[in-house]
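Undergrad: no letters, just coordinates:
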């Protein structure tokens, strides 16, 4: 569990609700279903129009990384690569076949198979770099779903406020209702700006941070396999890969 995310979300709520309470305002003023529906459903509609559904769904699934990010596998991967290098140095690249059979990750399988098939270091890096770039591109597209939501939400908040003000203008004959009506109208703006800057954009950046770490883990595999292909000493490979930590 990422305690930083929990603390950040709690502080955001305290800042908004606490500030309202300190000013003597009623917290119930923020409970405006109409404004919430306009901002949240409007933002959802805009994002669905912006991205294909599979990308959108992947972005939604990635949201869990904010509170439960994948554990770093870098130390484990380094030990694994060093083990591969010892095997290849002692028994030759063909001996790596035993590791292919027990490896579940498709990227690692592909790299090991290329090494077994006799690919030189340049071809190996070239092939794995293509896979890394495609992986990063797909992951970042999903993260941008939340960036898009952060861009649309403030605009939808303004739209909700305008709709609310139109409703207020329809009741000009009843001055007693104008003040409360205007306050309610601007709650939509609070929803839009607040969700964008306290929820959607932070989620996008936290996801991108995790993606960068996952890409670095693939770089560890790539650099390690290239070192094995070049015939580097396992200690040299290990020292180089520890630089990623």
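TA: Received it, and whenever you're ready, just let me know what you need. Keep in mind the model is a prediction, meaning the values are calculated, not measured.
Undergrad: check contacts around residue 8.
TA: Counting by Cβ atoms under 8 Å, 6 or more residues apart in numbering, residue 8 touches residue 202. Where C-beta positions appear, they are placed from N, C-alpha and C, glycine not excepted.
Undergrad: go again using 6 Å as the cut-off
TA: Under the criterion of Cβ atoms under 6 Å, 6 or more residues apart in numbering, residue 8 has no contact partners.
Undergrad: quick one: which helix or strand includes it?
TA: Secondary structure assignment for residue 8, by DSSP states H and E: helix 3-22.
Undergrad: after that helix comes which helix or strand?
TA: The helix or strand immediately downstream of helix 3-22 is helix 33-50, counting by DSSP H and E.
Undergrad: who does that following helix touch, helix- and strand-wise?
TA: For helix 33-50, the contact count by 3 or more Cβ pairs under 6 Å, 6 or more residues apart in numbering; DSSP states H and E identifies helix 121-169, helix 178-195 as packing neighbours.
Undergrad: give me the angle between the next helix or strand after that helix and helix 33-50.
TA: Scanning the chain past helix 33-50 towards its C-terminal end, the next helix or strand to appear is helix 53-62 (assignment: DSSP H and E). Counting by axes from the mean of the first three to the mean of the last three Cα atoms, to 10 degrees, helix 53-62 lies at 130 degrees to helix 33-50.
Undergrad: sorry, back to before: what residues of the helix holding residue 8 count as buried?
TA: residue 5 (16 or more other Cβ atoms under 10 Å).
Undergrad: looking at the helices and strands packed on helix 33-50, which is nearest to residue 210?
TA: Among these, the nearest to residue 210 by Cβ to Cβ is helix 121-169 (8.8 Å).
Undergrad: one step back: quick one: the helix holding residue 8 to chain centroid distance?
TA: Put simply, helix 3-22 sits 22 Å off its chain's centre (Cα atoms, centre = their mean, to the nearest Å).
Undergrad: and if you look at stretch 76-84?
TA: For stretch 76-84, the distance to the chain centre is 27 Å (Cα atoms, centre = their mean).
Undergrad: and stretch 86-98, what's buried?
TA: Buried residues in stretch 86-98, defined by neighbour count with 16+ other Cβ under 10 Å: 87-89, 93, 96.
Undergrad: next: stretch 197-207.
TA: Here stretch 197-207 shows 198-204, 206-207 as buried, counting by 16+ other Cβ under 10 Å.
Undergrad: sounds good, over and out.
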